[in-house]
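In: Okay, predicted coordinates and the sequence, questions at the end:
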Amino acid sequence: MNPQDHNSVNLENETSNLEITDIRFENRDTDNFTTLTLQKTLLIAIISAQLVVLMLSLINAEQGIGMSLLVAGTLAAFFGTVFFALTQGQKNKLKENAKKWKRDARECIAKTRACKDAMDWVKKNGKFAPYTNPIDFDRALGLGGGKSLAGAYRLAKLLGLLGQESSFGTDYGTSDKYKGPFQLSEEVINDYNRHNDPDVTFSEDIDDKVDFDTAAKVAAWYIAFILQQLTWSSMNPRIVDIEEANKFALAAYNGGLGTIKDAQKKCKDAGKDSTKWDNVKDYLPDGASVDSDTELTAEEKKEKKEKIKKKTEEIKDYVDQVREYERLAKELKCV
């Protein structure tokens, strides 16, 4: 098996002959989902506002008013476009979670330090595919020609995952499949063990508050492992832009790299740039293949399609929510 095939899984048929299967059908925060109509409406409003500002700037350029409006409008449009999938209510909820966590100074400092130490350990000691002859961090994330995806491997991202997965380690959930502050699966633990020493046991070594350091180390390694997969040519083509790699990595953390690979291939086959997440996310599973399953009743098909669509929306929202947590971590000076 090629090393880039690890963690590949098909979301629609829920089967895989590859080594890692990390499908998350458990929608733990359905209240945070937004409708596509709202997203499109908000984006159109942002673009319209930017056009109005541009027109005003041209009219008032001599007085200097237009330039100020243009700068303000451009900044507003930039941030609105980056995070347009989140409603203000969602942003407020995420910010309150982050502020609440920061108010507990001891916990905030301890967990931030643990996450930083985990990432430093991965950079220094982490091993990556192929597990039969593992390579180090720098080689794993290298793109050749002096370029690397290492810039997408950052502390704010790991803290963002912590915020999204367990409200900064305060809510571990009740899932039997996903455990600990970073909601790690047994498959991820097994893949970590294939590459690294010492071994980690699922779920005993990651599911308790005293195991936070170990859980952070595995999560930090797993993010780097996903980024490594994005450098492989099998990603058709591979991701080389750091910010795009950040989005793809978050999507894969939630939905499985195989699901993202499949969507990327469909995007490329449709003649679109498959290195851009905003293009690829439109090709995530929609449940259409369920219709051809002759072993399911009409009601079962309906339920399965709804489940797949719900998961697809979760993946999209997950990327936006973790990136918002990333931004908040910087805004609140956690990093």
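Out: Done, it's in.
In: Lowest-scoring secondary structure element of this structure by mean pLDDT?
Out: Sorting the helices and strands of the chain by mean pLDDT, DSSP states H and E puts helix 65-82 at the bottom, at a mean of 38.
In: Tell me the first helix or strand C-terminal of that one.
Out: Counting by DSSP states H and E, the next helix or strand C-terminal to helix 65-82 is helix 88-103.
In: The next helix or strand after that following helix: how far from the chain's middle?
Out: Per DSSP H and E, the first helix or strand lying C-terminal to helix 88-103 is helix 105-125. Distance of helix 105-125 from its chain centroid, counting by Cα atoms, centre = their mean, to the nearest Å, is 19 Å.
In: quick check: mean pLDDT across the very next helix or strand once past helix 105-125?
Out: Going down the chain from helix 105-125, the next helix or strand is helix 137-140, by DSSP H and E. What helix 137-140 shows for mean pLDDT is 97.
In: Could you do stretch 156-166 as well?
Out: 97.
In: I'd like to know which elements whatever helix or strand residue 311 lives in is packed against.
Out: Using DSSP H and E, residue 311 sits within helix 298-331. Using 3 or more Cβ pairs under 8 Å, 6 or more residues apart in numbering; DSSP states H and E, the elements in contact with helix 298-331 are helix 88-103, helix 155-166, helix 242-255. Bear in mind the C-beta positions are built from the backbone N, C-alpha and C, glycine included.
In: what would the ones you listed look like in a markdown table with distance to residue 208?
Out: Formatted as a markdown table, the helices and strands packed on helix 298-331 follow (distance: least, Cβ to Cβ, whole Å):
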| stretch | distance to residue 208 |
| --- | --- |
| helix 88-103 | 19 |
| helix 155-166 | 13 |
| helix 242-255 | 22 |
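In: so which of the ones you listed gets nearest residue 126?
Out: Closest to residue 126 of the helices and strands packed on helix 298-331 is helix 155-166 (Cβ to Cβ; 13.4 Å).
In: Show me what that closest one is packed against.
Out: helix 88-103, helix 105-125, helix 212-230, helix 242-255, helix 298-331.
In: what angle sits between the fourth one and helix 212-230?
Out: It refers to helix 242-255. 120 degrees (axes from the mean of the first three to the mean of the last three Cα atoms, to 10 degrees).
In: all numbers from here: first residue = 30
Out: All right, first residue 30 from here; so that's helix 271-284.
In: average model confidence for helix 271-284?
Out: Helix 271-284 comes out at a mean pLDDT of 98.
In: Just the buried positions in it, please.
Out: For helix 271-284, a neighbour-count test (16 or more other Cβ atoms under 10 Å) marks 271, 273-284 as buried.
In: now stretch 142-160
Out: Buried residues in stretch 142-160, counted by 16+ other Cβ under 10 Å: 143, 144, 145, 147, 148, 150, 151, 152, 155, 156, 157, 158.
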